[in-house]
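Asks: sequence? don't have it. structure:
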Ligand code: SF4
Ligand code: SF4
């Protein structure tokens, strides 16, 4: 049986490009396109994917370049080490990056979506290419959609989804590498799944999610779920550079042979290549447009083949398309850039205050205190951790007549390895009542210091009031 003839799809502004009139999903198979923007995008995708895959393997001063160690409650970032106490820094980070993105959007629209968003990078840079490799070009894929489930279709679709699952599994391990050090991950991979059921379930879950999102859900994430796309309308203005169609030059449309027609030859190439299924000629700044510039490359190709100037579909401001001069510098940019710089400056300043080592006071094992006649004794452990090799000096102070014994005061710290030093407190019973505390300070050669306190425990004070873990 021949598949039904495909009717040309005409996107309008009244519905999503990925929806049919009856509300069902229209699977989009964007046509192949070449051109300078496509080449640039591919290069950007390759660099981003290479960086993402390589980062978990990179170590700086002996610590992972990027690692969120959830059980250890630490975050390693390019040689710095952060604990839960540094959570406030995320506020400055989000403020700086958020306003930076708003500034970028005000300047050049959704360039982030088309070039840098992981959703685009993986769909266009990996999954769509696998699909084209196994199922063929867009026209062949559309025919395959219409074809009944025979052996040919089962083989192609099955092969494609098997490849998606393999790639998703590999990607899930890359993601896991940001949470588990790679050496530890290698051990998890080589062990039986039953030895690490949580890690196994986590990787399987992420694999399924990636295959579902990049293999099937695709552009629906951008149009239905992504809040950034929804905000676009409020972030751009008539001076923002965005993808658009030059109506003054293109209309009225018509065949190249039609003397009354302007430059648009109504060839639909710009629609055929669009990964979100829209017609850019319906207007720039459409909700679904991710600024991938595929339509720009496609139309330039058509124009050049007709010996006409490229740029009928191009990146320009609304004013530029109307033939008016564009303002580059405008108040909104100053506000966005100012707030972004403020957030990043606060983050930079705060990061400079972060000490690259950490000190915790822990109770000694066994009873919280011991009595020796009228004297009380507490044994504590000073735990030190660092993001790099460092030499620190320990000092301890306790109130009253309490004597403090620190058998080791000069400690050589190694990257990513905790060191422990015992601390002995001894003094008259009265000194170990109330809220009396011992303070321990570690200071490195550059004068950077961290301190921790612990309540001294005695028979007149319950162990529950201890501030040490
Ligand atoms: S690709 Fe260019 S010429 Fe062809 S329909 Fe789109 S705007 Fe018109
Ligand atoms: S309209 Fe053009 S730039 Fe926007 S998503 Fe479609 S092809 Fe990409």
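Replies: All right, it came through fine. Values in this document were obtained by computation on a predicted structure and should not be read as measured data. Residues are numbered from 1 along each chain as shown. Ligands and ions are numbered 1, 2, ... in the order given.
Asks: shaky segments in this protein?
Replies: 1-16, 387, 416, 461-469 (pLDDT under 70).
Asks: kindly list the longest helix within it.
Replies: helix 151-176 (DSSP state H).
Asks: distance from the chain centre to it, please.
Replies: Chain-centre distance of helix 151-176: 23 Å, with C-alpha atoms, centre = their mean, to the nearest Å.
Asks: go on, stretch 144-153?
Replies: Put simply, stretch 144-153 sits 37 Å off its chain's centre (C-alpha atoms, centre = their mean).
Asks: okay, and the beta partners of the residue nearest to residue 437 when sequence neighbours are not counted?
Replies: Excluding the flanking residues, the one nearest residue 437 by C-beta to C-beta, 6 or more residues apart in numbering is residue 453, at 4.6 Å. Placement of C-beta: from N, CA and C, glycine included. Note on residue 453: beta-bridge partners by DSSP bridges are residue 439.
Asks: go ahead and confirm residue 453 touches residue 360.
Replies: No. Using C-beta atoms under 8 Å, residue 453 is not in contact with residue 360, being 10.9 Å away.
Asks: out of those two, which sits in the busier spot?
Replies: residue 360 (18 against 13; other C-beta atoms under 10 Å).
Asks: in the stretch 101-250 of the chain, which residue sits closest to ligand 2?
Replies: Using C-beta to the nearest ligand atom, residue 243 is the residue of the stretch 101-250 of the chain that sits closest to ligand 2, at 4.2 Å.
Asks: count the neighbours of that residue for me.
Replies: 26.
Asks: hang on, it is in a helix, isn't it?
Replies: No. Counting by DSSP: H, G, I helix; E, B strand; the rest coil, residue 243 falls outside a helix, being strand.
Asks: which residues touch it?
Replies: 109, 280, 284, 289, 291, 293, 295, 296, 313, 314, 315 (C-beta atoms under 8 Å, 6 or more residues apart in numbering).
Asks: return the distance of it relative to residue 32.
Replies: 19 Å (C-beta to C-beta, to the nearest Å).
Asks: which phi and psi does residue 427 have?
Replies: phi -170, psi 180 (degrees, to the nearest 10).
Asks: next one: residue 426
Replies: phi -140, psi 130.
Asks: my read is that it contacts residue 377, right?
Replies: Yes. Contact status for residue 426 versus residue 377: in contact at 4.8 Å, counting by C-beta under 8 Å.
Asks: dump the residue contacts of the nearest residue to residue 340 once chain neighbours are set aside.
Replies: Distance criterion C-beta to C-beta, 6+ apart; nearest residue to residue 340, sequence neighbours excluded, is residue 99 at 3.4 Å. Going by C-beta under 8 Å, 6+ apart, residue 99 touches 336, 337, 339, 340, 342, 343.
Asks: switch to 10 Å and redo it
Replies: If you count contacts by C-beta atoms under 10 Å, 6 or more residues apart in numbering, residue 99 has them with 335, 336, 337, 338, 339, 340, 341, 342, 343, 344.
Asks: mind giving me the ChimeraX select for those residues, buried ones only?
Replies: A single ChimeraX command selects the buried members of these (16 or more other C-beta atoms under 10 Å):
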select :336,337,339,340,343,344
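Asks: just put the contacts of residue 99 in a markdown table and tack on distance to residue 232.
Replies: Listed next are the contacts of residue 99 as a markdown table, based on distance: C-beta to C-beta, whole Å:
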| residue | distance to residue 232 |
| --- | --- |
| 335 | 18 |
| 336 | 14 |
| 337 | 18 |
| 338 | 21 |
| 339 | 18 |
| 340 | 18 |
| 341 | 23 |
| 342 | 23 |
| 343 | 21 |
| 344 | 23 |
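Asks: report the two of the contacts of residue 99 separated the most.
Replies: For the contacts of residue 99, the maximum inter-member distance is 15.1 Å, found between 335 and 344 (C-beta to C-beta).
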